[in-house]
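1. only geometry, no sequence info:
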């Protein structure tokens, strides 16, 4: 059944819009998407993990049409790329009758509480429940944090133990004797033995030299590349000193924290094609180098299997839904400026098989097309083997004015009047940025469709010049999209343009560079062809890293540029589409397990900081709203239950197990939702005393069931029997508390 949005103007806040729609049960969303019951693991009523076994069942199905959503170089406020992704899918699925699935990344708590805010979309184009989408969801990011930091702890522990023990002592502890005085290798140890060229299976058969090689990783502490992570913007953790405790015997070293979404484990999750592939990638992650310059991996530390166990649930995409009940797969969450910025290969593959040959998969690439889309093409598509049929480039008049020379745009500050008043010339000048992104799409061999994300202050003349310049630059089409204000109905023109582009298939997909060329040639190809640079300059640290990675055999990997998202250059203040600049490479790191090298361009940071006024100022639990003003409409509460606890506090539990706290003095304003006046129910409220509830009606007559919508003031009495605790207790307090309404002014206790 199609969900009709109750569209209001002006558009309410995102949270108000999201909470006004009761999500469908996730098992129903799964069924309609073609996912079988045994292929889902529910995380409550609105989220479910999708098992990878669905790929085995649908292995022979043809793939759907593949659409990637990117954007022009954004302002710090964002240009609505996620909103456009969701709105397009709502248009395709809920309005055009097409099979469609959205694939998006899980938001990091860094921007959620920092500058940008959440990433569920906005207005009438959102993933819901948006609170659960933006906070924790099914815990994937926390699993990555745990795995990453376990590996970091293992590195320093190994360095400590190697520095304080002899070869013999290390061997005795790594391969201890059992009760029968026999030793054995842990299964993961055979990976290190093979790497060392040792084919023995009995630990006691190792020579002294082999034992020494086996037990000593011999870290060069100046070349440890693995850092700790947390999913919070904390600038003061960018550089830290560890090992200052007295028990660590003075083994201090400099290191730091990255944000979790910059972890290589996040990239592994996004680029893995199966559970086995994830295991191999996790074990192959390089954490540093030995004093001989040899790469040291997670499997050398014996931790690859443990990391895989921590990630065993995270590899399953999470199924959610849009406001118009079209299915969404949420998986992985790498940033596009400091990582590769795309949702997972696994999610895209599952979606493609589920929608089938005639359906559409819409996936999102982070930030501008110079970053997210470039990495989508040269990294993600290389590993997935999937080829896009069309690319949507999201553009706003606001961002184009900035690129045309408008004043700086900053989060938390009011927009300059230049952005709220018509200025066609400023927009026209800024279209150079849009044109460059369109040309890059054509170079990749993808049909570019420009979605002009319309704001209330945009004028017809400004929008017209954007459309004209986009078509002149070679866009397949350029259409106005009003999905923020109207939902899927506002993106119908965009949906039609996408369907036409996918049907035509005018372009031949291609990569920017072959993998076989030297590392510097690949970096230069991106800098010149995609960014418009005149050349590349390498700092001494970068030169040394390139020499080391070439020696270690990583020169054949693709490139993942870590660069500001606010400019084609390394300098965020340079707008438009500059050319001929020199791109400085500060350093180069290896994500060998994930499968790429990432040069650090300019002063890019892998741990963001909090601004003066972070987004958390606007985040709180609204107790008053939960008590009354946001209570759902009567048409959506037919399965709600009321529970009375000691102290006369009233709780209402929705079918999705959200708890609403209701003030007794407002009880008479609520509607009847209980259809069997003599029935009883009980609920588990986190080890709080339970209550069995009966409502007794005197008007209408007791032999007649009330209808949905009858005022609760018609209840003559409420009987509550209270067990001692919620489970595991056989003795219950069977006393009855007799309660009745007192002139609608509250609940008066008559007797116990």
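-> All right, it came through fine. Only a predicted model underlies this, so the values are computations on that prediction, with no experimental measurement involved. Numbers count the residues shown, from 1 in each chain.

2. Look through the protein and tell me its longest strand.
-> When the chain is parsed with DSSP state E, its longest strand is strand 582-591.

3. In that strand, which residues are buried?
-> 583, 584, 585, 586, 587, 588, 589, 590, 591 (16 or more other CB atoms under 10 Å). C-betas here are computed from N, CA, C, even on glycine.

4. Which helix or strand contains the nearest residue to the second one once chain neighbours are set aside?
-> Counting by CB to CB, 6 or more residues apart in numbering, residue 584 lies nearest to residue 537, which is 4.9 Å off, once chain neighbours are set aside. Using DSSP states H and E, the element containing residue 537 is strand 535-538.

5. now that strand, how far from the centre of its chain.
-> What separates the centre of strand 535-538 from the centre of its chain is 33 Å, taken as CA atoms, centre = their mean, to the nearest Å.

6. cool, stretch 399-418 as well?
-> For stretch 399-418, the distance to the chain centre is 28 Å (CA atoms, centre = their mean).

7. what mean pLDDT does that stretch have?
-> For stretch 399-418, mean pLDDT is 91.

8. Now do the end-to-end distance for it.
-> 11 Å (CA to CA, to the nearest Å).

9. Quick one: residues in contact with that stretch.
-> Contacts with stretch 399-418, where a contact means CB atoms under 8 Å, 6 or more residues apart in numbering, come from 72-77, 79, 115-116, 398, 419, 423, 425-434, 466, 573, 575-577, 611-613.

10. With adjacent residues omitted, what lies nearest to residue 488?
-> Nearest to residue 488 is residue 90, by CB to CB, 6+ apart, at 3.0 Å.

11. State the paired neighbours of the strand holding residue 537 in the sheet, together with their directions.
-> Each strand paired with strand 535-538, and its direction, by DSSP bridges: strand 582-591 (parallel).

12. Quick check: next helix or strand after the strand it pairs with?
-> strand 596-601.

13. ok now that following strand, how far from the chain's centre?
-> For strand 596-601 - counting by CA atoms, centre = their mean - the centre lies 22 Å from the chain centre.

14. Could you list every helix and strand in contact with that strand?
-> helix 540-551, strand 582-591 (3 or more CB pairs under 8 Å, 6 or more residues apart in numbering; DSSP states H and E).

15. Just put those in CSV and tack on mean pLDDT and distance to residue 265.
-> Listed next are the helices and strands packed on strand 596-601 as CSV, based on pLDDT from 0 to 100; distance: least, CB to CB, whole Å:
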stretch, mean pLDDT, distance to residue 265
helix 540-551, 95, 20
strand 582-591, 95, 10
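
16. sec struct for the spatially most central residue of the chain, please.
-> Nearest to the geometric centre of the chain sits residue 106, at 1.2 Å (CA atoms, centre = their mean). Secondary structure, DSSP: H, G, I helix; E, B strand; the rest coil: residue 106 is coil.

17. helix or strand for the nearest residue to it once chain neighbours are set aside, which one?
-> Ranked by CB to CB, 6+ apart and with sequence neighbours excluded, the top spatial neighbour of residue 106 is residue 333, at 4.1 Å. Under DSSP H and E, no helix or strand contains residue 333.

18. How about the contacts made by residue 333?
-> Per CB under 8 Å, 6+ apart, neighbours of residue 333: 105, 106, 107, 108, 140, 141, 261, 266, 343.

19. Kindly recompute the last result at 6 Å.
-> The neighbours of residue 333, taking CB atoms under 6 Å, 6 or more residues apart in numbering as the test, are 105, 106, 108, 261.

20. Including pLDDT and distance to residue 238, could those go into a markdown table?
-> As requested, these are arranged in a markdown table below (pLDDT from 0 to 100; distance: CB to CB, whole Å):
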| residue | pLDDT | distance to residue 238 |
| --- | --- | --- |
| 105 | 92 | 23 |
| 106 | 91 | 23 |
| 108 | 89 | 16 |
| 261 | 91 | 15 |
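
21. Can you tell me which of these are buried?
-> Buried members of these, scored by 16+ other CB under 10 Å, are 105, 106, 108, 261.

22. distance of the residue nearest to the first one when sequence neighbours are not counted from residue 399?
-> Read that as residue 105. Distances taken as CB to CB, 6+ apart place residue 333 nearest to residue 105, at 4.3 Å, with adjacent residues excluded. Using CB to CB, to the nearest Å, we find residue 333 at a distance of 23 Å from residue 399.

23. same question, residue 306
-> Distance from residue 306 to residue 399, counting by CB to CB: 45 Å.

24. So for those two, which sits in the more crowded spot?
-> For the pair residue 306 and residue 399, the greater number of neighbours falls to residue 399 (29 against 17), based on other CB atoms under 10 Å.

25. that's a helix at the more buried one, yeah?
-> Yes - according to three-state DSSP, residue 399 belongs to a helix.

26. Give me the helices and strands touching the host helix or strand of residue 440, please.
-> Counting by DSSP H and E, the element that carries residue 440 is helix 424-444. Packing partners of helix 424-444 (3 or more CB pairs under 6 Å, 6 or more residues apart in numbering; DSSP states H and E): strand 390-395, helix 397-403, helix 460-472.

27. give me that answer again for 7 Å
-> strand 390-395, helix 397-403, strand 447-453, helix 460-472 (3 or more CB pairs under 7 Å, 6 or more residues apart in numbering; DSSP states H and E).
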